[in-house]
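In: I need the structure of the sequence given here:
(2 chains)
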Amino acid sequence: MPGPYRETDLTEKVEAFLSDLKRGGSGTGPLRGSAETARETTALLRRITAQVRWSSAGDLMEVIRKEGRRMSAAQPSETTVGNMIRRVLKIIREEYARSRGSSEEADQQESLHKLLTSGGLSEENFRQYFTALKANVIEAINELLTELEGTTDNIAMQALEHIHSNEVIMTIGRSRTVEAFLKDAARKRKFHVIVAECAPFCQGHEMATSLSKDGIETTVITDAAIFAVMSRVNKVIIGTQTVLANGGLRAVNGTHTLALAAKHHSTPLIVCAPINFLFISGEILSKVNVHCPVFDYVPPELITLFISNIGGHAPSYIYRLMSELYHPEDHEL
Amino acid sequence: MKQMVRSFLTYSRKAPLTQQLSIPSAVIHPAIVRLGLQYSQGIVAGSNARSIALLHAFKQVISDYTTPSNEELSRDLVNKLKPYISFLNQCRPLSASMGNAIKYIKKEISNIPSQFKEDDAKKKLLNCIECFIEEKIVLAAKAIAKSSIEKINDGDVILVYGCSSLVNHILCEAFEKGRKFRVIVVDSRPRLEGREALRRLVQKGISCTYVLISAVSYILPEVSKVFLGAHALLANGYVMSRVGTSQIALVAKAFNVPVLVCCETYKFCERVQTDSFVSNELDDPDDLIVTRKGETQLKDWQQVPRLGLLNLVYDVTPPDFVDLVITDLGMIPCTSVPVVLRVKNVDLL
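Out: Next up is the predicted model:
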């Protein structure tokens, strides 16, 4: 009986993923990059779409929401899981709307004109059944996966526009996106990188070893020397854990100090983050006590530029990108 | 910047000191040799401790000194001290406080009238050194503690960085006087001096919290005041202190938390400096190597051609980050340092 077999296999996969997430958070498992988590989440969601029995879009969304809640609960600080789920939910809504024949433009929210003329929102309950919906959704998720796989490369391709010869660049801790970014620029330009080690885990050491192996001049400094050294730095390039809706960051410990020092010396601060790092709930995060200071909140005023796989943006534009990626009803899973 | 790092990469505390020196240690007084070794190994650390150790060693030198015939004590002794000072400088660069102490001693020696007998002269010099230590260091600390206690209120949360003997003294005094406060000790790699400060404060019974410097923007919202020690105060108002101090002052300013620097006047220095690079001390880069999760990433960093490690000892804090400097002459803003220097110079004349 193919049905139950597939379902148990699926549940196994989900359980394995959840335990992986939990382990990753406690720091005992292998540290996975956020990009990898995003890819695995999306692959898992595609599997769920393919294998779970559902008859209408509403059912599928319910299933995904349920699984999504479990995944988010397993590792609350890994926001990319929640983001991928919201992206997939948006995809489902779009495909459904396309199947129904209504134009996508009509579904775009936050238009003042629409608010005035809509005259009451039509209750969308996604109950209609379309035969092609499953295939369309899976195809769209495949496109999303391709986009995810290409993010780091897309960001790295923009490196040459931002890094010039003989520049001194500062970074903190270890970010795979920034590593790829710098290595790409190093193929054509010669520059110097200063890495702040980011105690107590000292991931900066790994970053420095990796960069120097690729022929980039690297110097490791302690976290205490960030301000002292900043006067010699031309640009600060960092990665981040999450980009918040107000343009702020949730990044590794010590990033706020780095951002303040850069602001004081009027050094541009560039953040390299794939677009799937966007996360809802901006200003509230700054007033909440993060439980243990593994992350810092960096306000948007300290950031000069975001480099994502779709190009460069100012922090003030982030809210707009977010509205294109996620549907407001999915903000609460 | 590359050149600067490279030129100091050969510095290593592991190599025997005497191999690196240009002055043979045989002609140096044993007390000075011992002192030099204590400096270079980090056994005596902290600007007050180093100055006091230096002055005690000089007392030993002066008591053992005999004027050769046909020589005047006032000139010969100064010449004798020169190689000792270069020796100490090679063991570890002199601090501003040590520089000022040496200037004072030299001045006292040259002011010895020539008709003094050797024993009287030596007695006078030893007395001068005692006075210097007593006035400029011990009594100054008491005066600063008295002024600072007015600035500490009940219920305060005070942030301190690293281990400053003066700041620890102030906090212990305030606690004895009955003020109710708690302390957050910020520490940084690789020296981790904050642990020593933590030990001293906890022994007194003060309730403390301990964080690393990367967490400072996380705990600053709870803090009501920041007390910092200083290695030297420069003539343009910049505060030279342990690396990381300027960062703490920067973040405190961003959160509108008052920053108070405590510094004795004998540490005021006539140098000017605007950033931490033009003149700084470099410490052993191998101190940065650490093992995490069973892996030592930077183990063979010297073999990797493009990898460098930078271990700065000091940094300078701009005066706009500092709200108040508490000295034995009173509470002054950072920009009044040259005024104090001028007054002091007039005194010495």
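
In: Report the contact partners of the residue of the stretch 51-200 of chain B found nearest chain A.
Out: Distances from the stretch 51-200 of chain B to chain A, computed as Cβ to the nearest Cβ, single out B:Ser188 as the nearest residue at 3.8 Å. Every residue, glycine included, has its C-beta placed from N, CA and C. Residues in contact with B:Ser188, defined by Cβ atoms under 8 Å, 6 or more residues apart in numbering or on different chains, are A:Ala199, A:Thr222, A:Asp223, A:Ala224, B:Tyr161, B:Gly162, B:Gly194, B:Leu212, B:Ile213, B:Val243, B:Gly244.

In: can you check B:Asn153 too?
Out: If you count contacts by Cβ under 8 Å, 6+ apart, B:Asn153 has them with B:Arg179, B:Phe181, B:Ser224.

In: helix, strand or coil for it?
Out: Three-state secondary structure (criterion: DSSP: H, G, I helix; E, B strand; the rest coil) places B:Asn153 in coil.

In: How confident was the prediction at it?
Out: As summarised for this prediction, B:Asn153 has a pLDDT of 92.

In: any idea how far it lies from B:Ser224?
Out: Distance, B:Asn153 to B:Ser224, using Cβ to Cβ, to the nearest Å: 8 Å.

In: Could you do A:Asp59 as well?
Out: A:Asp59 is 56 Å from B:Ser224, where distance means Cβ to Cβ.

In: Chain A contacts on the stretch 101-250 of chain B?
Out: Residues of the stretch 101-250 of chain B found near chain A, taking Cβ under 8 Å from any Cβ of the partner chain as the criterion, are B:188-190, B:211-219, B:242-244, B:246-247, B:250.

In: Now, these that are in helices?
Out: B:Val216, B:Ser217, B:Tyr218, B:Ile219, B:Ser246, B:Gln247, B:Leu250 (DSSP state H).

In: Taking the stretch 201-349 of chain B, what residue is nearest to chain A?
Out: Counting by Cβ to the nearest Cβ, the stretch 201-349 of chain B gets nearest chain A through B:Gly244, at 2.9 Å.

In: ok, the nearest residue to that residue once chain neighbours are set aside - contacts?
Out: Distances taken as Cβ to Cβ, 6 or more residues apart in numbering or on different chains place A:Ala224 nearest to B:Gly244, at 2.9 Å, with adjacent residues excluded. If a contact means Cβ under 8 Å, 6+ apart, then A:Ala224 has B:Ser188, B:Arg189, B:Ile213, B:Arg242, B:Val243, B:Gly244, B:Gln247, B:Asp315 as its contacts.

In: before we move on, what about A:Phe201?
Out: Counting by Cβ under 8 Å, 6+ apart, A:Phe201 makes contact with B:Arg292.

In: I'd like to know how many residues surround A:Gly101.
Out: Other residues within reach of A:Gly101 by the criterion other Cβ atoms under 10 Å in any protein chain shown amount to 6.

In: Kindly report the same for A:Thr146.
Out: A:Thr146: 9 surrounding residues under other Cβ under 10 Å.

In: Next up, the contacts around it.
Out: Contacts for A:Thr146 were tallied using Cβ under 8 Å, 6+ apart; there are none.
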